[in-house]
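Engineer: Okay, here's the prediction I keep looking at, along with the sequence it came from:
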Amino acid sequence: MQYPIFPKECSSMLCKYLTPEVFDRLKDLKTANGFTLEQAINSGVQNIDSGIGVYAGDEESYELFAPLFDTIIEAYHGFGKEDKHQSNLNPNDLNAPNPDPEGNYIVSTRIRVGRNVDNMPLGTAISKEQRDQVESSVVEGLSRLKGELSGRYYPLLGMDKEAQDALIKDHFLFKEGDRFLDTAGLNRDWPAGRGIYHNNDKTFLVWVNEEDQLRIISMQKGGDIKEVFTRLVNAIKRIETRVPFSYNDHLGYITSCPTNLGTAMRASVHIAVPKLAKDMESFKAITDKYHLQIRGIHGEHSESEGGIYDISNRRRLGITEVEAVQDMADGVTALIAAEKALV
Ligand code: ADP
Ligand code: DAR
């Protein structure tokens, strides 16, 4: 493999931190699963508009390619190579009364975590047989869920196209053909081994074998953040009795993209702030202050529609799950106060 020549307009962390020295140290290394530096950086090499540009192939990638991954993790999360991640999934520690009890601003609340199966390669390096094995063991674990969490699994293979498009349009199912995931090797054998589990009300959902092997999701209309978080925590604790998650005390929950390490949690609201959106500088001053990220109404790489934005915590590693949700709740409260103050 030759040292990649990045065009000058490339601004990803890959372009910035894959120096010729780091490249020479890592270019001939392979993890036990045979995952190479070339595979880890291919998404960022093929997509010069990447923000990060790297994906891990397994937990070992974070150690073997540490000269690159540690620098990116430090730059994105402010988290050092000797730091220890802490988890706190206790909803009683969350101080988040509904910021919008009258329902004038918050359309819906969604909190998700990424999880990957312990002792398995990540989606970037997994074989079709292993991915199918992950699907069947996760689906078996989900089939034992009771009460509000009980539901049904819908494999993507053979799914009616109209039904699939409706689930995507209604924000329940992942999109297809993401070029960043494609070039990371995460879409291999698509749609085999992929699918969605959900309860009847679609307030509890699990994506299987998309960017991570599980995306465990709790969501509902309105701004009752604590109720959404409590449902998610209950689900996580039930599922982990059947499916072992990949975790270590340095990086927390192991994910394919380094931006999701630690809590692997994104807590978001779809919120209507049309007045504030007229002054994006003020809008972003508030989201920056509360460590928030702004996405469009159809998630990552999408645009806002009708003044509705997807607002979520940006920090995921080096803070607990409660602190990640608290970031979002406190920031959304500030956004609503700012929107109210505008005439
Ligand atoms: P992820 O949240 O898993 O990182 P995306 O940002 O692509 O992935 O969002 C996935 C889907 O979840 C998209 O359809 C997006 O519109 C939807 N979504 C995210 N947050 C909310 C929310 N608060 N309410 C309703 N749908 C949401
Ligand atoms: N497109 C990649 C991923 C960045 C974070 N989003 C994830 N993991 N879905 C990039 O480097 O921009």
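Structural biologist: Sure thing, it's come through. Ligands and ions are numbered 1, 2, ... in the order given.
Engineer: can we go C-alpha only for contacts and neighbour counts from here?
Structural biologist: Fine.
Engineer: so Lys226 sits in a helix?
Structural biologist: Yes. Applying DSSP: H, G, I helix; E, B strand; the rest coil, one finds Lys226 inside a helix.
Engineer: which secondary structure element contains the residue nearest to it when sequence neighbours are not counted?
Structural biologist: Take Lys226 and drop its neighbours on the chain: the residue closest to it by Cα to Cα, 6 or more residues apart in numbering is Ala96, 6.2 Å away. Under DSSP states H and E, no helix or strand contains Ala96.
Engineer: Is the longest strand anywhere in the chain in proximity to ligand 2?
Structural biologist: In the chain, with assignment by DSSP state E, the single longest strand is strand 106-115. No. Residues of strand 106-115 are not located near ligand 2 by Cα under 6 Å from any ligand atom, the shortest gap being 10.1 Å.
Engineer: Name the strands paired with that strand and say parallel or antiparallel.
Structural biologist: Using DSSP bridges, the strands paired with strand 106-115 are strand 214-221 (antiparallel), strand 265-272 (antiparallel).
Engineer: would Cys15 count as being in a helix?
Structural biologist: Yes. Under three-state DSSP, Cys15 falls within a helix.
Engineer: show me the contacts for it.
Structural biologist: Phe6, Gly44 (Cα atoms under 8 Å, 6 or more residues apart in numbering).
Engineer: if we go to 10 Å?
Structural biologist: 4-9, 41, 44-45, 48, 50-53 (Cα atoms under 10 Å, 6 or more residues apart in numbering).
Engineer: distance between the longest strand of the chain and the chain's centre?
Structural biologist: Offset of strand 106-115 from its chain centre (Cα atoms, centre = their mean, to the nearest Å): 10 Å.
Engineer: Return the residues of the stretch 51-200 of the chain in contact with ligand 2.
Structural biologist: Listed as neighbours of ligand 2 in the stretch 51-200 of the chain under the rule Cα under 6 Å from any ligand atom: Gly51, Ile52, Gly53, Phe180.
Engineer: And the next helix or strand past the strand or helix carrying Glu281?
Structural biologist: Glu281 belongs to helix 280-289 when assigned by DSSP H and E. Sequence order places strand 292-295 as the next helix or strand after helix 280-289, per DSSP H and E.
Engineer: counting contacts, what elements does whatever helix or strand comes next after that following strand pack onto?
Structural biologist: Past strand 292-295, further along toward the C-terminus, the next helix or strand under DSSP H and E is strand 308-313. For strand 308-313, the packing partners by 3 or more Cα pairs under 10 Å, 6 or more residues apart in numbering; DSSP states H and E come out as strand 106-115, strand 265-272, helix 280-289, strand 292-295, helix 321-341.
Engineer: Tell me which of these lies nearest to Ser312.
Structural biologist: Nearest to Ser312 among those is strand 265-272 (4.1 Å), distances taken as Cα to Cα.
Engineer: does ligand 2 sit close to that closest one?
Structural biologist: No. Residues of strand 265-272 contacting ligand 2 under Cα under 6 Å from any ligand atom: none, with a closest distance of 10.6 Å.
Engineer: and that strand, C-alpha only, in PDB?
Structural biologist: The C-alpha trace of strand 265-272 is given here as PDB (Å, rounded to 0.1, in the frame of the first residue of the first chain):
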ATOM      1  CA  MET A 265     -25.100   7.100  22.900                       C
ATOM      2  CA  ARG A 266     -26.900   9.800  20.800                       C
ATOM      3  CA  ALA A 267     -29.800  11.400  22.600                       C
ATOM      4  CA  SER A 268     -31.800  13.700  20.300                       C
ATOM      5  CA  VAL A 269     -34.900  15.700  19.900                       C
ATOM      6  CA  HIS A 270     -36.600  16.900  16.700                       C
ATOM      7  CA  ILE A 271     -37.300  20.400  17.700                       C
ATOM      8  CA  ALA A 272     -39.000  23.400  15.900                       C
END
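Engineer: just how off-centre is that strand within its chain?
Structural biologist: That offset, for strand 265-272, works out to 12 Å (Cα atoms, centre = their mean).
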